[in-house]
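Student: here is a sequence together with a model predicted from it:
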Amino acid sequence: MKRLTNALLFTALAWVVSAPALAAAEDEPSAMAMAGDMVVARPIGVAITAVGAAVFVASLPFTALGGNVSGAADTLVTKPAAETFARCLGCKTTRRPSEK
């Protein structure tokens, strides 16, 4: 199990490091970028969103006392969820390729 985890982490790291080199010059993402996004980035984004939601719920009493619940929710849940679910497949930001 540890070997599988290490192999997956190494593959994800290699993809993240090499992604700028594979980036297409045009606005539309390439098929390779879409496939990598679907196989690697989206599952990682779902995991980060779930962990962020759990951390947000655990820290809610403290953030409520500090008065920054919306800031914590934005940082821990909203931004990761937007990058995971609202971004087009293969895009690097939540902006659609047709938008300028």
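Tutor: Thanks, I have it.
Student: Thr11 is in contact with Gly36, isn't it?
Tutor: No - the pair Thr11 and Gly36 does not pass the contact test of Cβ atoms under 8 Å, sitting 10.1 Å apart. (C-beta placed from N, C-alpha, C; glycine too.)
Student: who's more crowded, these two?
Tutor: Gly36 (21 against 12; other Cβ atoms under 10 Å).
Student: let me see the confidence value for the more buried one.
Tutor: For Gly36, the pLDDT comes out at 90.
Student: helices and strands around the host helix or strand of it, which ones?
Tutor: Assigned by DSSP states H and E, Gly36 belongs to helix 31-36. The contact analysis (3 or more Cβ pairs under 8 Å, 6 or more residues apart in numbering; DSSP states H and E) places helix 31-36 against helix 2-22.
Student: could you list the low-pLDDT ranges of this structure?
Tutor: 6-8, 10, 12-26, 95-100 (pLDDT under 70).
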